[in-house]
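*Asks:* predicted model follows, preceded by the sequence.
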Amino acid sequence: MHQLLPFIVIGLATGAVYGMAGVGLVLTYKTSGIFNFGYGAIAALDVYLFYFLHTDHGLSWPLTALVCVFVFAPLLGLGLELIARLLDGASDTIKVVSTVGLILIVAALGQLWHPQTTPSFPHFLPQSTVHMLGVNVTWEQIIIFVFSLVASALLYWFFLAVRLGVVMRGVVDNPELVAVCGDDPVRVRRWAWVIGAMFASIAGLMLAPALSLDGVTLTTAVFASFGAAAIGYFSNLPLTFAGGLLVGIGGALFEKYAATVSWVGGLPPSLPFIVLFIVLVVTPRARLASRRPTSVAPVRRSYQAPTRVRLVTGAVVVALLALVPSLQADHLIVWSAALIYVILFLSLGLLVRQSGQISLCHLGFAAVGAAAFSHLAVGAGLPWLVAVILATLIAVPVGALVAIPAVRLSGVFLALATLGLGIVLEQVFYPRHFMFGTSSIGIANPRPMVRIGNWDLASDSGFYYLLLIIVVLCVLTVAAISRGRLGRLLGAMADSPLALETQGTTSTVLKVLVFCIAAAMASLAGALTGMLYQYSVGTYFRSFDSLTLVALVVIVTIGEPWYAVLAAIGFNVIPGYITSSDTSTYLALLFGIGAALSAHGTRGGTTPRALRHLLDRLGGRRPAQPVTSPSSPSDDVVAGSAGSAATASVDVPARPARMGSGLVVQDLTVRFGGVRAVAGISLEAPAGAITGLVGPNGAGKTTTFNACSGLNRPSDGRILLHGADVTARGPAQRARRGLGRTFQRIELFNSLTVRQNVALGHEAALAGRNPASQLIGTPAQSRAVAAAAADAIALTGIEHLADQQVGLLPIGQRRLVELARVLAGRFDLLLLDEPSSGLDARETEQFGRVLLEVVRQRGCGILLVEHDMTLVRDICDRVYVLDFGALIFAGTTEEMTRSDEVRAAYLGDVAVTANAAAADAAAADPVTATATADQPTTDQPAAFVPATVGQDTAAAER
Ligand SMILES: Nc1ncnc2c1ncn2[C@@H]1O[C@H](COP(=O)(O)OP(=O)(O)OP(=O)(O)O)[C@@H](O)[C@H]1O
């Protein structure tokens with residue numbers, strides 16, 4: 001134990017800093033919803049300023065520290081708060097990439113500031129020692145530990161006891177409520193960013209003396225606090241601090257054994273990331289739930305040039321590339337590297353752009369490919385082609401391993417997990433003999449010793465042509481994926497994983513599948529990189545560069561595969577021609593700025609209208625029908641009303657009906673923490689009938705729907721679908737068993753067209769959970785999908801919108817598309833959540849007729865949540881009424897209109913509302929009673945015509 005004490009002391013000091021940094025990080029994450037990957041960038045900038053003022057210009061260290069912590073850091077915090085506000089409503093990918101951009105900027109600035117040598121940072125705190133418990137402890141260590149502990153404790157106390165801190169906690173849960181209470185949420189968040197930046201600054205200054213002053217080292221040093229934050233579940237401050245201590249002490253102890261125990265080598269610096277990865281993988285998903293976005297992400301206009309234009313452009317580009325060995329022989333290696341990077345960018349694009357998943361460890365896959373190829377081709381002596389194929393395939397299980405967090409997590413947590421994994425791969429595995437070993441020349445990666453006529457594949461130009469062929473094949477593969485079923489599913493998953501799952505595709509399998517494909521392609525690129533230089537070393541595949549790759553894939557917004565070509569030119573070719581030592585750094589700075597500002601790129605389309613028109617004309621495509629702006633209030637009127645649905649008779653195309661018995665909900669209770677949203681309700685929605693589920697706002701209707709479709713977990717009760725208990729089944733399984741649904745807050749695949757959206761209503765269940773069927777569909781299936789989509793589109797009268805991008809349509813039309821999508825599916829029980837909101841009276845009436853005919857001709861059942869009581873009266877066979885989560889009425893619509901209890905519930909008459917069921921519920925669960933008492937009830941007339949018709953801003957789907 002005595003031998004361990006010095007290491008524990010070191011670990012305590014470093015760990016306390018990690019803990020304090022983690023506490024600041026968690027503070028901003030909790031209050032803004034933005035996980036600041038660039039947290040280390042704040043620390044690094046402060047360290048630079050400290051060095052500049054104190055070391056370069058002789059300012060005393062206390063004064064310099066004051067300037068850094070109390071002036072510069074708050075300014076940085078204010079700047080970051082501005083960026084964070086820009087990011088509100090942006091996708092997780094953009095949020096991650098923006099903050100990653102800060103890292104790239106600061107790393108580049110650091111490099112530009114001290115390009116040649118990286119100076120070391122001075123120890124500004126006293127280095128004298130005291131003897132404690134038999135160990136010599138420096139005053140620096142004592143001060144760091146005590147200061148970090150006190151700062152973190154103060155912040156915790158501030159959160160608990162000071163009004164601003166309490167409001168900061170409130171802003172996390174309900175910014176609107178904070179505003180109603182007279183506090184400005186923006187001001188509150190600004191404070192959080194300022195305090196977070198100050199904590200980062202202090203952490204940077206305390207860690208810096210042990211580090212060299214280069215940007216990468218400094219920005220990534222504070223990454224260690226991510227591990228601490230993970231231990232605190234990104235929300236608990238004391239646990240985060242304790243996590244920091246654990247990581248610090250663990251790292252120091254590993255350090256002790258690293259010299260003697262060979263397997264420990266590389267582990268000490270990676271420990272925070274191992275912890276991060278493990279915590280993310282094992283933590284229950286609900287604990288890591290992201291905050292609900294406060295605004296809706298703007299929709300980007302999708303545009304693809306006509307096929308003819310794309311083919312011709314592709315042929316021209318390939319022809320030009322084929323001339324490179326003749327025209328640019330001096331730069332052949334640069335162009336060869338660019339070709340390889342096209343493959344890398346394409347594979348990363350499959351993840352980031354097409355499926356909306358962030359991987360920050362992509363070069364790790366490439367490293368696996370390079371190392372595997374070398375060991376197979378040189379070590380095992382396998383023929384070149386066999387070694388290449390096996391090296392490509394070897395990354396598949398690695399991709400599947402990375403997909404474990406992807407399956408469970410999404411957005412920022414997936415980014416964190418992959419960041420951790422990339423760093424662990426680099427620090428722990430790269431130096432091992434089964435990867436690159438420790439030799440500085442690395443491991444041999446031979447080119448193919450094949451000559452075909454005059455074409456020597458091992459020569460530089462011969463290898464270049466081989467690369468060109470491989471790249472063309474990869475581009476064609478990715479194009480085939482994009483245009484096929486997998487591409488549609490990936491696009492759908494990126495837009496709305498929730499909707500895809502409830503249409504019948506198991507997205508966990510889809511995520512694993514796409515990770516495996518992307519990993520295999522990256523692995524191939526890695527093997528080719530090794531072959532290009534004939535040797536490969538770990539530094540070709542630095543985990544930090546994975547961040548740059550992701551930034552490039554996001555900021556180059558043009559379509560596939562051109563983004564990959566442009567990104568490769570930016571990353572490889574430009575530095576090959578402009579050979580100044582700073583070119584790469586300036587480029588990294590540019591990429592960083594682009595990434596930091598990428599939130600701007602999400603607004604509107606990316607291809608200028610004039611260019612689109614020109615390309616369309618060249619490709620012989622008819623100009624697209626203009627779509628009315630979704631922002632105009634008048635657009636809420638449904639343009640589709642002129643379609644066939646407006647005709648009096650409704651012809652419902654037959655669908656093979658499975659004719660089960662319907663849906664049965666038994667004693668369902670759903671709780672959210674202390675709130676009992678649904679209290680022991682039972683209801684039935686039989687096949688061949690329309691059943692209404694009504695109630696005032698907050699009554700528990702959507703929660704009941706979510707429980708039926710598997711989106712929330714009931715605390716009690718059972719859900720039976722056609723007689724089978726599906727309570728433990730996921731949403732996709734329930735969908736495949738015939739349960740279809742629409743959403744109160746419309747869930748469409750915004751980047752796809754109306755036809756593609758509707759087709760997915762049928763195709764998603766065919767894709768199911770089998771990787772092979774997710775990859776590709778049979779021709780018979782394609783015909784069935786197309787026919788089902790055409791029928792549903794005609795039924796809802798939206799033929800004229802079929803080729804429009806859904807995200808650009810007004811709300812009323814979007815509702816019809818969502819209805820068409822569920823009608824295209826092979827569902828025999830439909831849950832429709834306020835489907836008529838956004839429709840006018842005539843359209844609602846017609847809509848009701850469509851539903852009646854669907855039920856009559858297909859024999860399916862419908863459970864309808866609706867505020868329009870006229871529609872409910874007209875089409876429902878039976879109605880259930882909820883109030884405060886309890887069932888207060890079940891019967892026919894006539895009985896409902898005569899019910900005093902229902903009338904009272906809608907009118908908010910407390911005396912009458914206190915019926916037996918509600919009173920029981922309140923007595924059994926006073927928390928619910930208190931919580932729901934605050935719910936706004938709809939102030940409706942006795943006819944129950946709601947005030948909410950036409951609105952689409954109701955509570956988000958939970
Ligand atoms: N994820 C959640 N976390 C906490 N409380 C929730 C959550 N989802 C719903 N609730 C609460 O459960 C209750 C029922 O909400 P629900 O959305 O099911 O009502 P609703 O009848 O669909 O209302 P509306 O007609 O306004 O959509 C409300 O008190 C709501 O605040």
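*Replies:* Arrived safely. Residues are numbered from 1 along each chain as shown.
*Asks:* does residue 416 really touch residue 230, like I thought?
*Replies:* Yes. In this structure, residue 416 is within contact of residue 230 by CB atoms under 8 Å, at 7.3 Å. Backbone N, C-alpha and C define where each C-beta goes, glycine included.
*Asks:* for the stretch 301-450 of the chain, which residue gets nearest to the ligand?
*Replies:* Taking CB to the nearest ligand atom as the measure, the stretch 301-450 of the chain has residue 410 as its residue closest to the ligand, at 16.8 Å.
*Asks:* my guess is that residue contacts residue 497, does it?
*Replies:* Yes. The pair residue 410 and residue 497 passes the contact test of CB under 8 Å, sitting 7.2 Å apart.
*Asks:* pLDDT weak spots in this protein?
*Replies:* 1-2, 114-118, 172-173, 259, 261-266, 288-302, 599-607, 623-660, 907-958 (pLDDT under 70).
*Asks:* mind giving me the domain split of it?
*Replies:* 5-284, 332-542 (automatic domain parsing).
*Asks:* can you put those in CSV and add mean neighbour count?
*Replies:* Formatted as CSV, the domains of the chain follow (neighbours: other CB atoms under 10 Å):
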stretch, mean neighbour count
domain 5-284, 20
domain 332-542, 22
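*Asks:* quick one: closest of those to residue 702.
*Replies:* With respect to residue 702, and counting by CB to CB, the nearest of the domains of the chain is domain 332-542 at 12.7 Å.
*Asks:* coming back round to it: which residues are in contact with both of residue 416 and residue 230?
*Replies:* 276, 280 (CB atoms under 8 Å, 6 or more residues apart in numbering).
*Asks:* against which helices or strands is the helix or strand harbouring residue 247 packed?
*Replies:* Taking DSSP states H and E as the definition, residue 247 sits inside helix 237-258. Applying 3 or more CB pairs under 8 Å, 6 or more residues apart in numbering; DSSP states H and E, one finds that helix 237-258 contacts helix 5-32, helix 139-161, helix 224-231, helix 267-282.
*Asks:* where's that helix relative to the chain centroid, distance-wise?
*Replies:* Relative to its chain's centre, helix 237-258 lies at 29 Å (CA atoms, centre = their mean, to the nearest Å).
*Asks:* that one vs helix 224-231, what angle?
*Replies:* Counting by axes from the mean of the first three to the mean of the last three CA atoms, to 10 degrees, helix 237-258 lies at 130 degrees to helix 224-231.
*Asks:* tilt between helix 237-258 and helix 5-32?
*Replies:* Orientation check (the same axes, to 10 degrees): helix 237-258 against helix 5-32 gives 140 degrees.
*Asks:* can you check what angle separates helix 237-258 from helix 267-282?
*Replies:* Using the same axes, to 10 degrees: helix 237-258 against helix 267-282 is 140 degrees.
*Asks:* and helix 237-258 with helix 139-161, angle?
*Replies:* Helix 237-258 and helix 139-161 are oriented at 150 degrees to each other (the same axes, to 10 degrees).
*Asks:* would you check that residue 876 makes contact with residue 691?
*Replies:* Yes. Counting by CB under 8 Å, residue 876 touches residue 691, with 6.4 Å between them.
*Asks:* find residues that contact each of those two.
*Replies:* In contact with both residue 876 and residue 691: residue 864, using CB under 8 Å, 6+ apart.
*Asks:* picking up where we left off before, export the domains of the chain as CSV, with columns for distance to residue 695.
*Replies:* Formatted as CSV, these follow (distance: least, CB to CB, whole Å):
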stretch, distance to residue 695
domain 5-284, 22
domain 332-542, 22
